[in-house]
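Asker: Predicted model and sequence below, questions to follow.
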Amino acid sequence: MGEAAPQFEVAEEDGLRADLYDLLGALLSRPPSADLLAQVAELDGDTGEMGRAVNALARVARSTTQKAAEREFNALFIGLGRGELLPYASYYMTGFLHERPLAVLRNDMARLSIARAPNVYEPEDNIASLCEMMAGLIRGRFGAPASLVTQKDFFNAHVGPWAGHFFKDLEGAQGSVLYAPVGALGRAFMEIEREAFRMGA
């Protein structure tokens, strides 16, 4: 979101969570660069649901050109007038853009010292920004790393109620090729996060 703050040491498991949020944020904020596609192509997952989604994403990334990824991103999220999907909390939670979920998010961002980046014009409740915010809370980009309770509260208020539905829609979207396994990965990750927060905080 804003200027990156100094990084703090976090537990390995939390670092992996932040990395995954950062990856989803990078893939969903703009068409992937050739470098990002090359990095994704090298990913290697295990045999669990999330690992299988990682492997599928790596496999598709190896055969996707930057130009094809850009066309797919634009068809899914931009389109002529609008893309196939509207990746905003307000839309998924109320059916309209710029609604109460965005106002609540802006209040929480101010409370947590999360600043909107000056060159970003999307509403802050888009899925890419929320993934970046979750990664920042975990890693301490907005001050000290957030407590598990703070992470849980933020997730439950702004991510958990709708992100799983969005990722499922992304997985099954007509225009999804590279983004189908992104959707599968995000959906599986959201389920793990929801359950971990339920059990641990």
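Answerer: Ah, there it is.
Asker: Can you give me the pLDDT of the residue lying farthest from the centre of the chain?
Answerer: Checked against the mean C-alpha position of the chain, the extreme residue using Cα atoms, centre = their mean is L80, at a distance of 23.6 Å. We have a pLDDT of 73 for L80.
Asker: Count the residues that sit near the nearest residue to M190 once chain neighbours are set aside.
Answerer: Spatial nearest neighbour of M190, excluding adjacent residues (Cβ to Cβ, 6 or more residues apart in numbering): G164 at 4.3 Å. (Each C-beta comes from the backbone N, C-alpha and C, glycine too.) By other Cβ atoms under 10 Å, 19 other residues sit near G164.
Asker: where's G164, which helix or strand?
Answerer: Using DSSP states H and E, the element containing G164 is helix 163-172.
Asker: That helix: what's the following helix or strand?
Answerer: Following helix 163-172 toward the C-terminus (DSSP H and E): helix 179-200.
Asker: which other residues reach that next one?
Answerer: Here helix 179-200 makes contact (Cβ atoms under 8 Å, 6 or more residues apart in numbering) with 17, 20, 24, 27-28, 49-50, 52-54, 56-57, 60, 72-73, 76, 148, 151-152, 155-156, 159-160, 163-164, 166-173, 176.
Asker: Report the mean per-residue pLDDT for it.
Answerer: 96.
Asker: for it, the distance to its chain's centre please.
Answerer: Its chain's C-alpha centre and that of helix 179-200 lie 10 Å apart, by Cα atoms, centre = their mean, to the nearest Å.
Asker: What residues sit buried inside it?
Answerer: Going by neighbour count (16 or more other Cβ atoms under 10 Å), the buried part of helix 179-200 is 179-190, 193-194, 196-197.
Asker: swap in stretch 100-113?
Answerer: Going by 16+ other Cβ under 10 Å, stretch 100-113 has these buried residues: 101-102, 104-105, 108-109, 112.
Asker: thinking again about what came up before, okay, the helix holding G164 in CSV with CA atoms only?
Answerer: Provided in CSV are the C-alpha atoms of helix 163-172 (Å, rounded to 0.1, in the frame of the first residue of the first chain):
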residue,chain,number,x,y,z
ALA,A,163,-12.7,-13.6,-0.6
GLY,A,164,-13.5,-17.4,-0.8
HIS,A,165,-16.5,-16.6,-3.0
PHE,A,166,-14.4,-14.4,-5.2
PHE,A,167,-11.7,-17.0,-5.6
LYS,A,168,-14.2,-19.6,-6.4
ASP,A,169,-15.7,-17.3,-9.1
LEU,A,170,-12.2,-16.6,-10.4
GLU,A,171,-11.5,-20.4,-10.6
GLY,A,172,-14.6,-21.0,-12.7
